[in-house]
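*Asks:* Please find the sequence and the predicted model below.
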Amino acid sequence: MPNSLKTPVASVDKVDTSYLETLIGYNARRAALAVISQFLERMAVYDLKPVDFSVMSVVVHNPGVTSRQLCTALNILPPNLVGLVQSLESRGLLERLPHPSDGRAMGLHPTDQGEQLMKKAEATASELEMTIGSKLTSHQAQTLVSLLQKIYL
C-alpha cells in the first residue's frame with residue numbers, strides 16, 4: 001500500500017512522562033540511577049562496586065558478622081555472596097575467622113587494609129551524599145531517607 005494511503009504517523013515534540021512521575025517505583029529508580037552513576041564513578045578509584053561497598057561497610061561496622069547475617073541485612077542471596085566474599089578476601093580486604101560460639105559459622109572481619117580502604121571510601125560516599133543532598137534541605141533529606149526506608153524495612 002502506498003505511503004499516501006496510510007494513516008498519518010504521529011510525532012511527538014515533548015515526551016509526556018506525567019503518569020510515570022506519579023509512581024513511587026519510577027521516581028525511586030530514576031533517583032537511584034542518578035546517584036549510582038556518580039557513586040560508580042567515585043568508587044572506581046577504590047575498585048568497589050555498590051555491593052562491594054555495602055558488604056565491606058557492614059563488615060567494618062560489624063566485625064564478626066556471619067554470611068547469613070550479611071545476606072539478611074543487605075538482601076543478598078547466599079550463592080551471590082560466596083563469590084563476593086572470596087573476591088574481597090583475595091584482595092586482602094576481609095578475612096574469615098571461626099565464629100566464637102557457632103562452630104559451623106565463620107565470622108567476617110575487615111583486615112587493616114580493608115578498614116583503611118573503607119575509611120576513605122565512606123568519606124567519599126559521604127561527600128557524594130552532601131553533593132546529592134545539596135538540592136534538599138537537611139530536613140527534606142532526612143524525610144526522604146525515612147520515607148524510602150518505610151518501603152523496604
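*Replies:* Here it is on my side, so go on.
*Asks:* Strands of this structure, start to end?
*Replies:* Listed in chain order, the strands found in the chain under DSSP state E are 65-66, 94-98, 106-110.
*Asks:* ok now the shortest one, how far from the chain's centre?
*Replies:* A distance of 19 Å separates the centroid of the chain from that of strand 65-66, by CA atoms, centre = their mean, to the nearest Å.
*Asks:* Tell me the strands beside that strand, with direction?
*Replies:* strand 106-110 (antiparallel) (DSSP bridges).
*Asks:* Could you check the strand it pairs with and say which residues are buried?
*Replies:* Residues G107, L108, H109, P110 are the ones in strand 106-110 that count as buried (16 or more other CB atoms under 10 Å). (Each C-beta comes from the backbone N, C-alpha and C, glycine too.)
*Asks:* ditto for stretch 115-133
*Replies:* Quick answer for stretch 115-133 (16+ other CB under 10 Å): E115, L117, M118, A121, T124, A125, L128.
*Asks:* For the protein, which residues score under the pLDDT cut-off?
*Replies:* By pLDDT under 70, the low-scoring segments of the chain are 1-5.
*Asks:* So in it, which helix runs the longest?
*Replies:* helix 112-133 (DSSP state H).
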